[in-house]
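Participant: Please find the sequence and the predicted model below.
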Amino acid sequence: MTELLGDHFFANPHAYYRLWREDGPVLRVRFGDGVERWLVIGYEEARAALADPRLRKDIDLLESVIARKRTGPWEGPRTHDGLRHMLNADPPDHTRLRRAVSQAFTARRVAALQPVIEKTARELLDAMADHDEVDLLRAFAVPLPVAIICHLLDVDIEDQGTFREWTKALVGTLEPGVDPARAHDEMVAFLRNLLRRKRAEPGEDLLSALVTDADARLDEGELIGMALLLLVAGHETTVNLIGNGMLALLRDRPWLDRLCAAPELIPAAVEEFLRFDGPVDLATLRFTAEPITVGDTIIPAGELVLVALAAGNRDPGHFTDPHRLDPLAEHGAHLGFGHGVHYCVGAPLARLEARVAFTQLLDRFPDIELAVHDSELRWHPNPVIRGLKRLPVRLRT
């Protein structure tokens with residue numbers, strides 16, 4: 001049996017995972033595009049799949065698998081330039097591409113960004129203080145990580161609205177009216193011009209380092225792809241880590257009040273937010289290069305596979321009382337940033353941004369509460385990123 005995933009799934013995937021788990025750690029699913037995929041939902045099985053080299057990500061081979069399975073018309077990007085990055089590559093190319101950026105996300109370099117993150121957060125909260133109610137995503141959760149990744153890359157994005165529309169399309173949203181091919185092509189054109197300027201006048205930023213790194217041997221398509229990945233993934237995860245984490249607290253007032261009173265617990269709370277309702281639901285698509293066994297199921301070669309990080313993070317076979325928020329629980333390793341060679345290279349930066357965001361937000365607005373009924377909240381119909389469309393909050397009671 002193949003499960004059809006629609007809007008109800010995106011609104012509450014945890015309810016579906018809870019039900020499906022009764023039948024085992026793997027099942028077949030289909031989105032609106034008609035293409036069937038295997039979905040791994042058990043923690044141990046997900047962790048093993050994420051580290052299995054037989055599950056490949058090479059973009060050219062992956063698209064050939066998708067093309068064989070697709071039955072209807074589809075307009076993809078007219079160029080692969082923006083797709084040639086480390087998330088769409090296998091070793092040794094993945095190793096080469098990841099090495100080129102990993103030095104920017106060491107503990108020392110990320111720690112050096114803390115004053116910039118703190119200053120940006122203060123300025124955003126100062127602007128929020130003029131209002132009784134705001135959309136927390138628009139006012140705070142989005143502009144904070146956008147500003148930081150643009151600082152790291154030395155990118156001046158004048159129109160953040162356009163940038164967010166590009167991002168929404170590029171991370172796989174299934175919303176009507178969104179044109180991923182057009183967004184991809186527009187962002188590739190923007191990045192091509194940006195990289196041309198970096199070559200002419202390189203600075204101390206990460207994009208200039210990529211352009212001038214002779215050892216990395218990045219061609220034009222890889223440079224564009226890595227720039228796109230850094231800009232999009234460099235903020236989108238943190239946006240929804242802040243948004244989903246804050247919603248979890250707004251739904252659980254005792255924990256919100258406790259963190260206000262004991263901000264030293266916030267680092268542990270950030271880890272729990274990543275486990276409880278993290279910003280990534282399904283890891284990016286893989287395909288089987290040869291048959292693999294998941295649980296008691298044999299997945300043949302040439303099949304598409306998704307790994308549900310959100311499902312693994314609430315597997316009762318691994319976590320005690322997994323559907324309850326508890327920042328003090330000793331759950332062990334979660335899958336919020338993935339696992340294996342594709343583990344999120346920007347995880348240290350996302351963690352720091354989230355710690356600063358929650359510390360300052362709860363200190364400034366301890367009485368914050370939802371400004372709408374919980375039933376009015378809407379989630380993006382996105383198989384990869386789990387995030388709200390809006391988070392209206394009342395800053396003072």
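Facilitator: Thanks, I have the structure now. Numbers count the residues shown, from 1 in each chain.
Participant: mind checking pLDDT for residue 328?
Facilitator: With respect to pLDDT, residue 328 scores 93.
Participant: and residue 297, what are its bridge partners?
Facilitator: For residue 297, the beta-bridge partners are residue 294 (DSSP bridges).
Participant: Count the neighbours of it for me.
Facilitator: 15 (other Cβ atoms under 10 Å). In this view, the C-beta of every residue, glycine as well, is placed from N, C-alpha and C.
Participant: the strands in this structure, which residues?
Facilitator: Here the chain has its strands, by DSSP state E, at 2-4, 26-30, 36-40, 55-56, 133-135, 286-288, 292-294, 297-299, 304-307, 369-370, 392-394.
Participant: Now tabulate those strands in a markdown table and tack on mean pLDDT and distance to residue 212.
Facilitator: Below are the strands of the chain laid out as a markdown table (pLDDT from 0 to 100; distance: least, Cβ to Cβ, whole Å):
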| stretch | mean pLDDT | distance to residue 212 |
| --- | --- | --- |
| strand 2-4 | 86 | 48 |
| strand 26-30 | 95 | 44 |
| strand 36-40 | 96 | 40 |
| strand 55-56 | 98 | 31 |
| strand 133-135 | 98 | 40 |
| strand 286-288 | 98 | 33 |
| strand 292-294 | 96 | 40 |
| strand 297-299 | 96 | 43 |
| strand 304-307 | 98 | 36 |
| strand 369-370 | 97 | 48 |
| strand 392-394 | 98 | 44 |
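Participant: Including distance to residue 190, could those strands go into JSON lines?
Facilitator: What follows is these, written out as JSON lines (distance: least, Cβ to Cβ, whole Å):
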{"stretch": "strand 2-4", "distance to residue 190": "36"}
{"stretch": "strand 26-30", "distance to residue 190": "34"}
{"stretch": "strand 36-40", "distance to residue 190": "31"}
{"stretch": "strand 55-56", "distance to residue 190": "30"}
{"stretch": "strand 133-135", "distance to residue 190": "26"}
{"stretch": "strand 286-288", "distance to residue 190": "29"}
{"stretch": "strand 292-294", "distance to residue 190": "39"}
{"stretch": "strand 297-299", "distance to residue 190": "39"}
{"stretch": "strand 304-307", "distance to residue 190": "30"}
{"stretch": "strand 369-370", "distance to residue 190": "36"}
{"stretch": "strand 392-394", "distance to residue 190": "31"}
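Participant: Quick check: longest helix in this protein by residues?
Facilitator: Ranked by residue count and defined by DSSP state H, the top helix of the chain is helix 220-250.
Participant: buried sites along that helix?
Facilitator: Residues of helix 220-250 classed as buried by neighbour count (16 or more other Cβ atoms under 10 Å): 221-250.
Participant: Same check on stretch 249-261?
Facilitator: In terms of neighbour count (16+ other Cβ under 10 Å), stretch 249-261 has its buried residues at 249-250, 255-256, 259-260.
Participant: What's the mean pLDDT across the longest helix of the chain?
Facilitator: So the average pLDDT for helix 220-250 ends up being 92.
Participant: tell me how far that helix is from the chain's mean position?
Facilitator: Helix 220-250 sits 5 Å away from the centroid of its parent chain (Cα atoms, centre = their mean, to the nearest Å).
Participant: Please report how far the spatially most central residue of the chain lies from residue 279.
Facilitator: Centroid-nearest residue in the chain: residue 237, 3.6 Å away (criterion: Cα atoms, centre = their mean). Plainly put, residue 237 is 5 Å away from residue 279 if you go by Cβ to Cβ, to the nearest Å.
Participant: Touching both of the two, which residues are there?
Facilitator: Among the neighbours of residue 237, those also in contact with residue 279 (Cβ atoms under 8 Å, 6 or more residues apart in numbering) are residue 385.
Participant: Report how many residues lie close to the residue nearest to residue 102 when sequence neighbours are not counted.
Facilitator: Nearest non-adjacent residue to residue 102, counting by Cβ to Cβ, 6 or more residues apart in numbering: residue 345, 5.8 Å away. For residue 345, the count of nearby residues is 20 (other Cβ under 10 Å).
Participant: cool, and residue 282?
Facilitator: 23.
Participant: My guess is it contacts residue 382. True?
Facilitator: No - using Cβ atoms under 8 Å, residue 282 is not in contact with residue 382; the gap is 9.1 Å.
Participant: shared neighbours, those two?
Facilitator: Shared contacts of residue 282 and residue 382 (Cβ under 8 Å, 6+ apart): none.
Participant: For the nearest residue to residue 84 once chain neighbours are set aside, give me its contacts.
Facilitator: The shortest distance from residue 84 to any non-neighbouring residue, by Cβ to Cβ, 6+ apart, is to residue 225 (3.8 Å). Taking Cβ under 8 Å, 6+ apart, we find residue 225 in contact with 81-85, 88.
Participant: try residue 148
Facilitator: 113, 116-117, 120, 235, 349, 353.
Participant: Residue 150: which of those residues is nearest?
Facilitator: Comparing those against residue 150 with Cβ to Cβ places residue 235 closest, at 8.4 Å.
Participant: State the distance from the closest residue in space to the closest one that isn't next to it in sequence to residue 209.
Facilitator: Of all residues not flanking residue 235 in the chain, residue 145 sits nearest, at 3.8 Å (Cβ to Cβ, 6+ apart). Distance from residue 145 to residue 209, counting by Cβ to Cβ: 20 Å.
Participant: neighbour count winner among those two?
Facilitator: Between residue 145 and residue 209, counting by other Cβ under 10 Å, residue 145 is the more crowded of the two (26 against 18).
Participant: Alright, that wraps it up for me.
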